[in-house]
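Peer 1: make a model of this:
(one chain, ligands or ions: 2)
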Amino acid sequence: MPTDKSDLRQKLRARRRALSADEQHQAARRLAVNLAGTRLFLTSRRVACYLPNDGEIDTGPVIEHIRHLRKTCYLPVLSRLSHDRLWFAEAGPKTKLTPNRFGIPEPVVKSRDLVRAQELDLILMPLVGFDDQGNRLGMGGGFYDRSLEFLRHRNHWRKPHLLGIAYDFQRVNGLTADPWDVPLQGVITDQAVYLY
Ligand SMILES: Nc1nc2c(c(=O)[nH]1)N(C=O)[C@@H](CNc1ccc(C(=O)N[C@@H](CCC(=O)O)C(=O)O)cc1)CN2
Ligand SMILES: Nc1ncnc2c1ncn2[C@@H]1O[C@H](COP(=O)(O)OP(=O)(O)OP(=O)(O)O)[C@@H](O)[C@H]1O
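Peer 2: Ligands and ions are numbered 1, 2, ... in the order given. Below is the predicted model of the structure:
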C-alpha cells in the first residue's frame with residue numbers, strides 16, 4: 001500500500017471510478033439501509049449530506065430517506081466561502097442547484113439562508129479513505145477540517161455529530177492523523193457500520 005497520502009488518494013479514487021453502474025447502484029442502496037439503522041442518524045433532525053463527485057458513493061437513496069423521515073437535508077456550499085469554511089444550505093427536492101468551482105452541484109440560496117456547521121445535528125461526510133481510529137482522508141482541500149475546527153477544542157461532545165460515508169474498500173490501515181484532522185465518530189459503508 002502506498003504510504004504517501006497523495007498516492008493513496010489517487011489509488012482509492014481510481015478504484016471508486018472503476019465500479020460499474022450496477023455495482024454503484026447496489027452499494028448506494030445497501031449504504032442507505034445501513035445508515036437507516038444507525039442511532040445517531042435516527043436521532044438527528046438537521047442532517048447534512050453531499051452530492052457525489054469523482055466516483056463517490058451515490059447519496060441519492062440516503063437523501064431520499066432523510067426527506068422521507070421528515071428530517072431537514074443540508075448540502076455544503078463553497079461559493080460563498082469565508083476563510084475557506086463551508087456553509088450549508090437546506091436542500092429540498094425542488095431546490096435549484098448550480099455547479100461550484102469543482103463542478104459539484106450546490107444549492108442556489110440567499111446568504112441569509114446559509115448556516116454554519118455548528119447549527120447541524122449530523123454531518124455525513126464524503127471521504128477518500130478512512131481507518132479504524134476514525135481518521136479521514138479527504139480530497140485534500142481541508143474544507144471540512146477547517147469548518148469543524150471548533151470541535152477539536154471541546155472538552156465534551158458538541159454538535160454536529162460526524163459520520164463518514166464510503167465504499168467498504170475505502171477502509172485502510174493506520175492513516176497518520178495531521179494536527180488539524182477532526183476524527184469521525186463512525187463510518188457507514190455498503191457493507192458495515194463502524195462506530196469508534
Ligand atoms: N461530493 C463532495 N462534495 C464536497 C467535498 C467532497 O469531498 N465531495 N468537499 C470536501 O472537502 C468539498 C469540496 N472539496 C473538493 C476538493 C477537491 C476536489 C477536486 O476534485 N480536486 C481536483 C483538483 C481540482 C482543481 O484544483 O481544480 C483533484 O484533486 O483532482 C473536489 C472537491 C465540499 N463539497
Ligand atoms: N483547521 C485548519 N486550519 C488551518 N489549515 C487547515 C486546517 N485544516 C486543514 N487545513 C489545511 O488544509 C490542507 C488540506 O488538509 P487535508 O489534506 O487534511 O484535507 P482533506 O481533509 O483531505 O480535505 P477535505 O476536508 O476538503 O476533504 C492542509 O494542508 C492544511 O494546511
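Peer 1: longest strand in the chain, please.
Peer 2: For the chain, the strand reaching the highest residue count under DSSP state E is reported as strand 72-82.
Peer 1: report the secondary structure state of the most centrally placed residue in the chain.
Peer 2: Central residue of the chain (Cα atoms, centre = their mean): M125, 1.4 Å from the mean position. What DSSP: H, G, I helix; E, B strand; the rest coil gives for M125 is strand.
Peer 1: what about the residue lying closest to it once chain neighbours are set aside, how many residues nearby?
Peer 2: In space, and not counting its chain neighbours, M125 is closest to G164: 5.1 Å by Cβ to Cβ, 6 or more residues apart in numbering. (Glycine included, C-beta is placed from N, CA and C.) By other Cβ atoms under 10 Å, the residues close to G164 number 25.
Peer 1: now G37: how far from L195?
Peer 2: Applying Cβ to Cβ, to the nearest Å, the value for G37 to L195 is 12 Å.
Peer 1: the two: which is more packed in?
Peer 2: It is L195, of G37 and L195, that has more neighbours when counted by other Cβ under 10 Å, with 13 against 10.
Peer 1: ok, and the closest non-adjacent residue to that one?
Peer 2: Closest to L195 by Cβ to Cβ, 6+ apart is G186, at 4.2 Å.
Peer 1: residues from this structure in reach of ligand 1?
Peer 2: Neighbours of ligand 1 within the chain, by Cβ under 6 Å from any ligand atom: 50-54, 56, 76, 78, 102, 104, 126, 138-139, 141, 143-144.
Peer 1: list buried residues within those.
Peer 2: Buried members of the residues of the chain next to ligand 1, counted by 16 or more other Cβ atoms under 10 Å: 50-52, 56, 76, 78, 104, 126, 138-139, 143-144.
Peer 1: these in helices, which ones?
Peer 2: Residues of these located in helices (DSSP state H): 143-144.
Peer 1: near ligand 2, which of the buried ones among the residues of the chain next to ligand 1 show up?
Peer 2: Restricting those to those within reach of ligand 2 (Cβ under 6 Å from any ligand atom) leaves 138-139, 143-144.
Peer 1: can you put those residues in a markdown table and add pLDDT and distance to E64?
Peer 2: Shown next, in a markdown table, are these (pLDDT from 0 to 100; distance: Cβ to Cβ, whole Å):
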| residue | pLDDT | distance to E64 |
| --- | --- | --- |
| G138 | 97 | 25 |
| M139 | 96 | 25 |
| F143 | 96 | 25 |
| Y144 | 97 | 23 |
